[in-house]
Each structure stands twice: as C-alpha cells, then as structure tokens.
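S.K.: Here is the input, now give the coordinates:
(2 chains)
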Protein chains: 2
Amino acid sequence: MKATYTYGELAKLTETLLTALYGYSPAEARITAEVLVEADARNIPSHGVSRLDFYWENLKGGFAKPGAEPDIRYETPSSLVVDGHDGVGPYIADFSVRRILEKAEKQGSAFCSVRNSNHFGIAGFWAEKAAYKDMIGLAFTNTRPCGIPTFGRERVLGTNPICAAIPCGGDSPWIFMLDMATTTVAHGKVEVYDRRKQTMPAGWAVDDKGVVMHDATAFEKLFWANPQFGGHLYLGGEGEESGGHKGFGLGLLVELLCSGLSLGVASYDTFQKGKGSGITHFFGAIRLDLFGDAQALKAHIRGILDHIKNGAKAEGQGRIYLHGEKEAESRARALTNGITLDEATCTMLESLRAKAGLSGD
Amino acid sequence: MKATYTYGELAKLTETLLTALYGYSPAEARITAEVLVEADARNIPSHGVSRLDFYWENLKGGFAKPGAEPDIRYETPSSLVVDGHDGVGPYIADFSVRRILEKAEKQGSAFCSVRNSNHFGIAGFWAEKAAYKDMIGLAFTNTRPCGIPTFGRERVLGTNPICAAIPCGGDSPWIFMLDMATTTVAHGKVEVYDRRKQTMPAGWAVDDKGVVMHDATAFEKLFWANPQFGGHLYLGGEGEESGGHKGFGLGLLVELLCSGLSLGVASYDTFQKGKGSGITHFFGAIRLDLFGDAQALKAHIRGILDHIKNGAKAEGQGRIYLHGEKEAESRARALTNGITLDEATCTMLESLRAKAGLSGD
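M.R.: The predicted structure follows:
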C-alpha cells in the first residue's frame, strides 16, 4: 500500500475520487483536492485528505450538496453576502474570496460573510490568497458545536478558528500566518491522547456537568455519546483565572462575524437533520498600501519578525517559531520528498480507489 | 479622605489636575479624564485614575509631551496613518478615531495606524465609538515590553490588547465588547497575588531562564529588577500543549497591525531614554450595513448572544457572562452610586489635589 505520494499524484487521486464517487463537478473537485492536499503538505493532517471521510458523511447526511451554485444575496462596492446553498465548502470559499480580492483591489478593503456553506478546509489557504496580493487576509468559520462557554456545560460554539495572514518581505519562503482554533485544542489532539493513553492537561475539556476532565479516553466516549453536554474548553481553559473567558470571547467573536453577519445559523444550530450543515464563514482583505508604500511596510514587518525570532531562547529550547514557519517548511519538504500519509488515511484512500474502480499502483 | 466620587466629580477633578499639574491643554485633559474615569466606572481600576501615576512618570521621563499635535502622514479615502509626535495618548486616539468614523461613514470601512503615541486608556472606549454608530469597532495597541514568546525568555512584546466591539440589538444596556490583553493576565493581577501571597497558576509567567514561576512575590521582584529577561506568558501559557503559541500569535498579530502598519517602533523598542515612548495603535471601523439591513443584523446577533447566555451552566455556576456585560453593569451602578476608589488611589488623588492647591472636601 502506497504511503508516500507526490503532491501532484495525491491531488489528482483526490480530485478523481471526488468526481467519480462524490458527484463533485470538476471545478468543485479541483479546488477541494487542492485545499486538502495543501493541508497534508503543510503537515496539518487533521485537515488533509483524511477529511474525505467527513466529506463523505456530509454527503450521505444530506448536509453537503455538490452542484449547488453559491449566489450573492447582498453586495456593496466593498462587501458581499454569499449564500452557499449547502454546496461544497472550498468551492463556495473560492467564489467568495475571489470576489473580495477584486473588490479590495478597487476599494482598498473588502469583506464577505457566507451562510449555508460547508467545511472549507484550512482557513490559512483562504487568508493567504490576500497576502500574496499584498493585502492582509482574514478567514474565519464556525463549525459543528463542540466548545463550552466559561461557566457553562453546553456545547454551543465550534472550534471557530481565527486566521490572519500578513504579507512580509525578506527572502524566506513564509508569510506571517496565524491560523488557530479558538478552542485550546482541536478534537484530533484528544484522539491522539486517547490512543496513547495520555492524560489531558486541565485546560482542554469538561464533562457534561462542566467539570474539568483529564482522562482522554473517557472524554472521547462522552464526546460522541452525548451530543449536547460536555466538550472542549477555549484557549485559556476553565474559568477566568488563566483567561478562559478570553478564549471563549474569541470564539464568540468569530461566531458573530460568521453567522451573525451572514444571517446564517450559529454553531449550535448546524448539522440539523434534514437541513444543510449551515456552516458560515467570514473573509476580509485589506490592502497594505492603505498605510503607505507596500514594500517599505513589508520590510518593516519583516524586521519586527526577525527581531522576535532572534530573541533569547528559554533553557533547553533552540528556536522560536513564528506563525506560518513550520507549515511553510513542511510544504517545501513535501514538494521535494512527497507527502507521507498515516496508515488509516492510506487504507481509506485505497478503499475509495477500489470503490471507484481505479487501478492501484 | 474621600473614597467615593460621583462620575462628574471624579472627571472634573482629574481634568483639573491634568491642566494644573501636568500641563495638559483643556482638550487633552478633557478626553484623558473621560477615558480614565470610564475605566473606573466599568470596574477596570487598573486603567482608571490610578494611571495618573503612570502618566506622571511618562511626563517626567520625557516619554509624553502635552501640547504636541498629531498629524496625518498618509491618507486614502478609507485609511489614515497618524504620527502622534509623542503627545497625549487619548487625545491622539480621539483624533484618529473621529477621522476613521467619518471615512467609514462614506466608504463602508476605514482603518488607521498610529505611531509615536502614548497609553490611550481602555481599548474598549475607542472601539465602542464605532459600535454606537452601527459599525464594528476595532482597537489595538502595543505597550511596554513584558511578554515572552513561546520557547523564549526575553521580553519583546507588550500585553498587546485585542478589542472588538459589535453592535447588537435588544433592550439591555450593553454591547458585545471583547477587550483583552493577549498575555494571560495583565501585570496588575500579579501585584494582587503578591499582596495576598497567592500562588500563580502555571500559565502566567516565566523567570529569566524561561522557566515557569509560581511565586508572585519573586516574580514581582524579578520583573522590576531585570528589564530584559523573564516576564508574562501569553494566553494559553507555556509551550504549545495548551495553546501558548496561539496567545503569542495573537500578541504578535497586534504588534504587526500597530507598529508594523504605522512604521512605528515595536514594543521591544518603546520607552527608550531620550525618546518618546513610541507606543503604536491600530483602529478599524466596518459598517454593519455592508452586510444588509443593520437592524435585522443586530436582532440576529442579539439572538445568538441570548441563546449562548441562556445555555446550561456548569455545576455551581449561576451565570454565563458575555463580554461587555460586567462592565456595562458596573457602569450603570457607578452612575447611580458613584465610583469608589481604593485607598492607594485616594491617597494619590489627595496628594495631587494638595500639590495643585485645590481645596479638599
């Protein structure tokens, strides 16, 4: 069984599977394959081709409907409200981001809220489109509910990631890109701790009464057995002493930008039987040259980043990582050495390949 | 000694002290008094009139120069770069925010970066100006360096607060307002733990080698003795397991928006002897009606907030607080019952009053 693919092979295979088995149009399949393979290349396997499973569930559950065309429900010279009509997330995101980049090019900045979409892959893939055009890029999304408000016990918000990409000068192949779930960890981390029988730190999760859990296996059970109570904590953890209310506030801010500004459903109402998933997004693009000469600004930004990177390290640490660096380095390695997938993902791919009647290799 | 003031009395006294002793112009004194007293009214005493001490130090250290007029160094229909020329922070912030609100009124959104400013008080005071005009308001600032990057030990960034205000409908007297230091706690919290001999949780601070500290008294000593190494951790705490790199990323994002987009100095270069403090800000305003009817959007946003607020509570908890609620309730109480200051602040005020030759009461 093949475990390492070239970028091109994996993208082609994913695209073929999406058209052959999932009923995606060629355009839907192309952009979805790209965003999934980009995640694997950047070593974010939780959002890579392993997501084909989740996309399949969304298809079978009636949450995602390939072929649905997004349309514009409201528009100004610098904004856009898109209805995705339960279509393919990356296709809807691509539709939206292309349009705000055009608008920002003319107006200086532009923003877009999106309702009735689906999972759009890694947020960074969308935010960086702006950065490559010397704009600040923003990408947010809500998700299925999994997170617990400070002093609550009910799953109301999603992992609600924040992503901002800022263009910066210099020769290095990366840009500043913060792309973070506002929950302390994404659920994939819990699964790893469960498999390894590791103890979760205090700031990760609470049970159905709102009490902190450390047992990853017990939490994993509860998480899938109880659809409403117990779940992830936000960045900063439980209560207010270490700032859990701040992380919750960031998650709530993302919710208000995505479902609030699109008149879409909030995380707590996503994935209702008989309806589309209802996922909502928010995108923004702000031209750097709103603030002067873009080249001078990028050089200045790079200077700040370099200074911080070169600061003194903690005992036992050899490197301060800036946001986007690890992913850019992984991507460069993947383009040279290929993308190695874990066993479960390989098995899934091979089984899909067989189902589609494609020959293996 | 007077401990409780009406809002009006405290504002008047602060304004008088600033003109009589600090050399502030009437306009500088008025806006500075307002932003300080607003903080006390909202029960954020760390940013209230107790800051007169810090403002005095800034004056004596040559970091702040009352009378300096901000000017516009770069401008487009939807943006502004302001040089504060080391003037009074709230006066410069007021200059900047008024202008972006005017620009956003015409253009849909507007943004402003500011260099060579000073402490501008609570960020929320500036962000909410937009929210009262049915716009989303953003206010960020860098500060003197106090925070340590993930895997570092050198103080390079400030508390670098993030503030976003979102207008929302309903009868209640508050708006959604997230106003948070990106460090786990502001330094005032450490001082309280020091006085009470309480142990700090793991995610607050590291020593000069980058090792986590729990002893608030020892950290307090180190913090003032060593200007460069050891300091505050960012939201999520040490390392990456509980997301400390995310909090660091948020602080860095604020830095790039403030000092990056203004060509100003970064936190690590603020408060250099013989220069102004060099503090930088970033403001934004985005009209709600970029996304449709503002009333409908506000009602939808309020519905989401209400749903989350009314969710099931954790065992032993009676209430889920949304961001901005506590402060709005404190403010309403302060307008009725007056503002009660702590002893140290009262003593300082009385001593300033005597210095200015004002009669007590």
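S.K.: can we go C-alpha only for contacts and neighbour counts from here?
M.R.: OK.
S.K.: between the top helix by length along chain A and helix B:89-107, how big is the angle?
M.R.: If each helix of chain A is counted by residues according to DSSP state H, the longest one is helix A:89-107. Orientation note: helix A:89-107 sits at an angle of 100 degrees relative to helix B:89-107 (axes from the mean of the first three to the mean of the last three Cα atoms, to 10 degrees).
S.K.: residues touching A:Thr19, list them.
M.R.: Remark: with contacts taken as Cα atoms under 8 Å, 6 or more residues apart in numbering or on different chains, A:Thr19 is in contact with A:Ser25, A:Pro26, A:Ala29.
S.K.: Give me the neighbour count for the last one.
M.R.: What it means is A:Ala29. Other residues lying near A:Ala29 total 25 when counted by other Cα atoms under 10 Å in any protein chain shown.
S.K.: separation between it and chain B?
M.R.: In this structure, A:Ala29 lies at 29 Å from chain B, with Cα to the nearest Cα, to the nearest Å as the measure.
S.K.: before we move on, what SS does that residue have?
M.R.: In terms of secondary structure, A:Ala29 is helix; the call rests on DSSP: H, G, I helix; E, B strand; the rest coil.
S.K.: Go ahead and confirm it touches A:Leu18.
M.R.: Yes - A contact is recorded between A:Ala29 and A:Leu18 when judged using Cα atoms under 8 Å, the distance being 5.5 Å.
S.K.: circling back to that earlier point, check which residues of the longest helix of chain A are buried.
M.R.: By neighbour count with 16 or more other Cα atoms under 10 Å in any protein chain shown, helix A:89-107 contains the buried residues A:89-97, A:99-105, A:107.
S.K.: Contact residues of the stretch 101-250 of chain A facing chain B?
M.R.: Along the stretch 101-250 of chain A, the residues adjacent to chain B under the rule Cα under 8 Å from any Cα of the partner chain are A:108-109, A:112-113, A:149-154, A:156, A:164, A:178, A:180, A:184-185, A:201, A:203-204, A:209-211, A:235-237, A:241-243, A:246, A:249-250.
S.K.: Going through those residues, which ones are buried?
M.R.: Neighbour counting over these (16+ other Cα under 10 Å) leaves A:108-109, A:112-113, A:149-154, A:156, A:164, A:178, A:180, A:184-185, A:203-204, A:209-211, A:235-237, A:241-243, A:246, A:249-250 as the buried ones.
S.K.: measure the residue positioned nearest the centre of chain A to chain B for me?
M.R.: Within chain A, one residue has its C-alpha closest to the average C-alpha position: by Cα atoms, centre = their mean, that is A:Ile122, at 3.2 Å. The span separating A:Ile122 from chain B equals 16 Å under the rule Cα to the nearest Cα.
S.K.: isn't that residue right up against A:Glu34?
M.R.: No - with the criterion set as Cα under 8 Å, A:Ile122 and A:Glu34 do not qualify as a contacting pair; they are 10.7 Å apart.
S.K.: what bridges to the residue of the stretch 51-200 of chain A found nearest chain B?
M.R.: Distances from the stretch 51-200 of chain A to chain B, computed as Cα to the nearest Cα, single out A:Gly152 as the nearest residue at 4.1 Å. Partner residues in beta bridges with A:Gly152: B:Lys313, with DSSP bridges as the criterion.
S.K.: can you pull the contacts of the closest residue in space to A:Thr340 that isn't next to it in sequence?
M.R.: Leaving aside its sequence neighbours, A:Thr340 sits nearest to A:Thr4 (Cα to Cα, 6 or more residues apart in numbering or on different chains; 4.1 Å). Applying Cα under 8 Å, 6+ apart, we find A:Thr4 in contact with A:Gly338, A:Ile339, A:Thr340, A:Leu341.
S.K.: Redo those as JSON lines? Include neighbour count, pLDDT and secondary structure.
M.R.: Putting the contacts of A:Thr4 into JSON lines (neighbours: other Cα atoms under 10 Å in any protein chain shown; pLDDT from 0 to 100; DSSP: H, G, I helix; E, B strand; the rest coil) gives the following:
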{"residue": "A:Gly338", "neighbour count": "19", "pLDDT": "98", "secondary structure": "coil"}
{"residue": "A:Ile339", "neighbour count": "25", "pLDDT": "97", "secondary structure": "strand"}
{"residue": "A:Thr340", "neighbour count": "19", "pLDDT": "96", "secondary structure": "strand"}
{"residue": "A:Leu341", "neighbour count": "21", "pLDDT": "95", "secondary structure": "coil"}
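S.K.: Max pairwise distance over those: which two?
M.R.: A:Gly338 and A:Leu341 (9.7 Å; Cα to Cα).
S.K.: in the lowest-mean-pLDDT helix or strand in chain A, what's buried?
M.R.: Using mean pLDDT, DSSP states H and E, helix A:187-195 stands out as the lowest-scoring helix or strand of chain A, at a mean of 91. Of the residues in helix A:187-195, those with enough neighbours to count as buried (16+ other Cα under 10 Å) are A:His187, A:Val190, A:Tyr193, A:Asp194.
S.K.: Please apply the same query to stretch A:251-263.
M.R.: Applying a neighbour-count criterion of 16+ other Cα under 10 Å, the buried positions in stretch A:251-263 are A:251-263.
S.K.: That one close to chain B?
M.R.: Yes - contact between stretch A:251-263 and chain B is present through A:Leu253, A:Leu256, A:Gly260, A:Leu261, A:Ser262, A:Leu263 (criterion: Cα under 8 Å from any Cα).
S.K.: can you list those in TSV and add pLDDT?
M.R.: Below are those laid out as TSV (pLDDT from 0 to 100):
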residue	pLDDT
A:Leu253	98
A:Leu256	98
A:Gly260	98
A:Leu261	98
A:Ser262	98
A:Leu263	98
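S.K.: Go through those and say which is closest to chain B.
M.R.: For chain B, the closest of the residues of stretch A:251-263 next to chain B turns out to be A:Gly260, at 5.1 Å, with distances computed as Cα to the nearest Cα.
S.K.: Skipping its backbone neighbours, what lies nearest that closest one in space?
M.R.: Looking at A:Gly260 with Cα to Cα, 6+ apart, the closest residue is B:Ile301, at 5.1 Å.
S.K.: which element is the one you found on?
M.R.: With elements taken from DSSP states H and E, the one containing B:Ile301 is helix B:294-309.
S.K.: cool, A:Gly137 as well?
M.R.: Short version, using DSSP H and E: A:Gly137 is in strand A:135-141.
S.K.: can you give me the angle that strand makes with helix A:294-309?
M.R.: 60 degrees.
S.K.: What strands flank the very next helix or strand once past strand A:135-141, and is each parallel or antiparallel?
M.R.: Per DSSP H and E, strand A:135-141 leads on to strand A:162-166 as the next helix or strand towards the C-terminus. With DSSP bridges as the test, strand A:162-166 is paired with strand A:135-141 (antiparallel), strand A:176-180 (antiparallel).
S.K.: So which of these is nearest A:Ala356?
M.R.: Distances from A:Ala356 to each of the strands paired with strand A:162-166 were compared by Cα to Cα, and the smallest falls on strand A:135-141, at 31.7 Å.
S.K.: Give the buried residues for the helix holding B:Ile301.
M.R.: Across helix B:294-309, burial judged by 16+ other Cα under 10 Å covers B:Ala294, B:Leu297, B:Lys298, B:Ala299, B:His300, B:Ile301, B:Arg302, B:Gly303, B:Ile304, B:Leu305, B:Ile308, B:Lys309.
S.K.: Those residues into CSV, with extra columns for pLDDT?
M.R.: Formatted as CSV, the buried residues of helix B:294-309 follow (pLDDT from 0 to 100):
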residue, pLDDT
B:Ala294, 96
B:Leu297, 97
B:Lys298, 96
B:Ala299, 95
B:His300, 97
B:Ile301, 97
B:Arg302, 96
B:Gly303, 96
B:Ile304, 97
B:Leu305, 96
B:Ile308, 97
B:Lys309, 96
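S.K.: Now flag whichever of the residues you listed is closest to chain A.
M.R.: Closest to chain A, out of all of the buried residues of helix B:294-309 and judged by Cα to the nearest Cα, is B:Ile301, at 5.1 Å.
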